[in-house]
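# Next come a sequence and a model predicted from it.
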Amino acid sequence: MIKTKKNLFLCVSLITLNVAFIWCNSLLSKELSSAFSNLVGTVISWFFPATQMQGGGAGHGTLRKIAHFMEFCSLGLLLSWLFHMTTQRKWTHYALPLVLGAAVACIDETIQIFVPGRGPGLRDVAIDSAGVLLGVLLLSWLAYRQQQKYAKAGQGGQDG
């Protein structure tokens, strides 16, 4: 079922980097994490001045939640890609990425218990899990579109 070993290696490498990025950010102290978010918010505000994402205001918290959502969305995409490559069982394309993504989110929040000024949050696990779900749905949609494209190309070849 694996398309190529290169794709499998690439996918596993990207998953590893994605999880490392998520967990390393959770190991940052509250001050360092806020400083990094402020930097990103400032850069975003250069391009979109009305967003007001810098300075720790209301937009700052929104930026952090969006970042978490997107980190986990990419994780959902990658996990779904992995199971699309390695299994033919359709349920694994959905269930396993969701379960593994939620586990990564729970571990991520648990890590924060041990970091000064940080703490776990069930709402964060829910946001992260929603990101995984979107990633799984996006990859499923892309796979469906690709199947439709191949089916259409196959039908065209039979007519001629």
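The structure has been received and is ready for your questions.
# name the helices or strands packed onto the helix or strand of the chain with the lowest mean pLDDT?
Least confident helix or strand, the chain: helix 30-47 with a mean of 81, by mean pLDDT, DSSP states H and E. Contact partners of helix 30-47 among helices and strands, from 3 or more C-beta pairs under 8 Å, 6 or more residues apart in numbering; DSSP states H and E: helix 58-86. Yep, even glycine has a C-beta here, placed from its N, CA and C like the rest.
# So for the helix it packs on, what gets flagged as buried?
59-60, 63-64, 67-69, 71-86 (16 or more other C-beta atoms under 10 Å).
# Same check on stretch 135-155?
Quick answer for stretch 135-155 (16+ other C-beta under 10 Å): 135-136, 139-140.
# Would you mind putting the residues you listed into CSV with secondary structure, pLDDT and distance to L14 alongside?
Converted to CSV, the buried residues of stretch 135-155 look like this (DSSP: H, G, I helix; E, B strand; the rest coil; pLDDT from 0 to 100; distance: C-beta to C-beta, whole Å):
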residue, secondary structure, pLDDT, distance to L14
G135, helix, 97, 12
V136, helix, 96, 15
L139, helix, 93, 13
S140, helix, 91, 18
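# how far does the least confident helix or strand of the chain sit from the chain's center?
Centroid separation for helix 30-47 versus its chain: 20 Å, with C-alpha atoms, centre = their mean, to the nearest Å.
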